[in-house]
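Trainee: Have a look at this fold, sequence not included:
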């Protein structure tokens, strides 16, 4: 039995992993920018994907509370080493559980899940930019 301690949220807040930016113009980098107007949190999460579809790097910049920063940090840790499809399976409930977020902070983990999805959608669009055009015409 593994016990989760609330100190993990403090650790990710005080020692955030993967802070920074990647080249948003690179074809193999996806950028997701999401925000929660209710609380003012804004999260930018970027992923770098190799030629085999594996996420080799992830970076974030977050303006928000400690729980939002911790959720971003954990999300970047979790996506690294995963394929694009595996990363899409990361759920906000898993992030919240890992960080022991209280109910009032669940929106922070939802923001992290949305940022992952947005970054991967941007990456996929860069791989096949004509796909969006053909979907608009259909």
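Mentor: Perfect, thanks for sending it. What you are looking at is a predicted structure, and each value in this text was computed from that prediction instead of being measured.

Trainee: Just the helices from the protein, written as ranges.
Mentor: 7-14, 66-79, 84-87, 92-99, 106-127, 129-137 (DSSP state H).

Trainee: Contacts only, for residue 44.
Mentor: Residue 44 makes contact with 21, 31-33, 60-62, 115, according to Cβ atoms under 8 Å, 6 or more residues apart in numbering. (Glycine included, C-beta is placed from N, CA and C.)

Trainee: likewise residue 8?
Mentor: Applying Cβ under 8 Å, 6+ apart, the residues near residue 8 are 70, 74, 98-100.

Trainee: and if we set it to 7 Å?
Mentor: 98-100 (Cβ atoms under 7 Å, 6 or more residues apart in numbering).

Trainee: again with residue 34
Mentor: Taking Cβ under 7 Å, 6+ apart as the test, what residue 34 contacts is 43, 111, 114-115, 118.
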